[in-house]
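In: No letters, just coordinates:
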Ligand SMILES: C[S@@+](CC[C@H](N)C(=O)[O-])C[C@H]1O[C@@H](n2cnc3c(N)ncnc32)[C@H](O)[C@@H]1O
């Protein structure tokens, strides 16, 4: 399965070829995910992963929250830009998937910075205390509005929220099912939210960046 993208395969390949290459253990995790996970299309991949790594580096983030761990690719990309004593908490509902992610973290140079919390993210979020410097939202789409409000409540003053799949392969233009409608509604809501400044980047499946105004 290929990584979802809004650009042609040729442009995607060109962009990957002109982006800092993944280190060997991340290339191996990407390949493992593509070869073994039925929903490998959920993987953020090298370009979005490197963008998230940039955000951690540029903001000097020390506390990162991720909603949607999967095999831990984006978590590891973000953690690689964190200082040694900084932390990333990531939420995953599927214990089997979390175990796969943990097995890769155990072999990663950045694995010790990452704490996987298994369970429904809405429950996990109730047990967490902010502030977080970066929140990456990338789990079930029908809960996106709740994740956004929860992230806003725990965001540090100069923190950033990054939200994945906000173009949803173009389905936001003509929403048909609950996930389509939830993403389109959140994009509209953020666009009218006086608390924030935001930009929708047409990278991969669409990434919305938000910070407090
Ligand atoms: C799109 S994938 C995350 C991809 C990952 N961020 C990456 O870049 O590789 C979404 C993950 O969220 C998990 N998930 C779905 N619903 C959830 C929920 N309610 N709470 C926590 N995790 C959930 C799924 O099991 C899946 O592993």
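Out: Looks like it arrived, so ask away. Treat the numbers as computed from the prediction; the structure is a model and nothing was measured. Residues are numbered from 1 along each chain as shown.
In: contacting residues around the most centrally placed residue in the chain?
Out: Residue closest to the average C-alpha location in the chain (Cα atoms, centre = their mean): residue 136, at 4.2 Å. The contact partners of residue 136, taken as Cβ atoms under 8 Å, 6 or more residues apart in numbering, are 52, 64, 65, 66, 67, 68, 74, 78, 161, 162, 163, 164. Any C-beta I mention is one placed from the backbone N, CA and C, and that applies to glycine too.
In: With residue 200 instead?
Out: 166, 167, 187, 206, 207, 208.
In: quick one: which of the contacts of residue 136 is nearest to residue 95?
Out: residue 68 (14.7 Å; Cβ to Cβ).
In: Which of the helices or strands spans the closest residue in space to residue 20 that isn't next to it in sequence?
Out: Leaving aside its chain neighbours, residue 20 sits nearest to residue 50 (6.1 Å; criterion: Cβ to Cβ, 6 or more residues apart in numbering). Assigned by DSSP states H and E, residue 50 belongs to helix 45-59.
In: Ok, residue 115 next?
Out: strand 114-118.
In: Tell me the buried residues in the very next helix or strand once past that strand?
Out: Remark: after strand 114-118, the chain's next helix or strand is helix 121-126, criterion DSSP H and E. Going by neighbour count (16 or more other Cβ atoms under 10 Å), the buried part of helix 121-126 is 121, 122, 124, 125.
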